[in-house]
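Colleague: Turn this into a structure:
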Amino acid sequence: MTELEALKFFQTPDHPCSYLPSEQATTVFADPDAIIDTQLYTQLSQLGFRRSGAHIYRPYCHACTACIPVRIPVSAFAAKRRHQRVLMRNQALTKHRLAPHNSDEIWMLYERYINHRHSDGDMFPADREQFVSFLVTGRPEAFFTEYRLGEQLIAVAVSDQLDDGLSAIYTFFDPDHAARSLGTLAILDLMQQTNAAALPYLYLGYWIEASDKMRYKGDFRPQERLTSAGWQQIP
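Modeller: So this is what the prediction gives:
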């Protein structure tokens, strides 16, 4: 029996969906007490699971299939004109890859982002303990990519290093620099990091066509979407 076959899963009761308010959601979690190494975590990602803090989960909704796992085959991606404009707009930024940490600087950026951009969400108001459990602790594969304008920290991309690529967990940025399209910049940069590591995929999580917050993931093509028949390429 493989580690994946031996792994236990637990299902939550129905609860309000975070992305589609009219829907009820059900979530399946991998056993939080199980030892999940990078190989097993990669296998779960290949099956459409995601990570939030230390929890590895996947939607398992009975009446809705709107959450579609998406990954980018980075060697096939060609930046469109709008992507090139984002890269040009941010040429002055420097980036640093480092271990997750709970500095005052990074917490204050996260707090401003949540309180300004997601005041209607379930993470509002920003809480430092929640920030630590969500993004700082959880998995040994995690790392931060910091983006700075001079000395000023203006964006952070949180990612995990899998056996077959990177998994984009969360990005937060300074609301005063929203015109820089820093979320798009982070995805483009993570694709470059994935390519530089000679790995095939950047996992983007769930594409939800009916959700304004999640629809943007469909803009990065070609991409692969996980269906009942396996990963299908979308040109």
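
Colleague: May I ask which helix or strand of this protein has the lowest mean pLDDT?
Modeller: When the helices and strands of the chain are scored by mean pLDDT, DSSP states H and E, strand 15-16 comes last with a mean of 91.

Colleague: Could you list every helix and strand that that strand packs against?
Modeller: Counting contacts by 3 or more Cβ pairs under 8 Å, 6 or more residues apart in numbering; DSSP states H and E, strand 15-16 is packed against strand 24-25. From N, CA and C alone the C-beta is placed, and that goes for glycine too.

Colleague: Pairing partners for the strand it packs on, with directions?
Modeller: Strand 24-25 pairs in its sheet with strand 15-16 (antiparallel), by DSSP bridges.

Colleague: Could you tell me the model confidence score at the residue nearest the centre of the chain?
Modeller: By Cα atoms, centre = their mean, the chain has its centre lying nearest to residue 169, at 2.7 Å. Note for residue 169: predicted pLDDT of 98.

Colleague: OK, contacts around residue 101?
Modeller: By Cβ atoms under 8 Å, 6 or more residues apart in numbering, the contact set of residue 101 is 136, 144.

Colleague: three-state assignment of it?
Modeller: coil (DSSP: H, G, I helix; E, B strand; the rest coil).

Colleague: that older thread, does the residue nearest to the centre of the chain touch residue 162 like I think?
Modeller: No: using Cβ atoms under 8 Å, residue 169 makes no contact with residue 162, being 11.3 Å away.

Colleague: For the protein, just list every one of the helices.
Modeller: Along the chain, the stretches classed as helices by DSSP state H are 3-6, 38-46, 81-89, 104-117, 128-131, 182-196.
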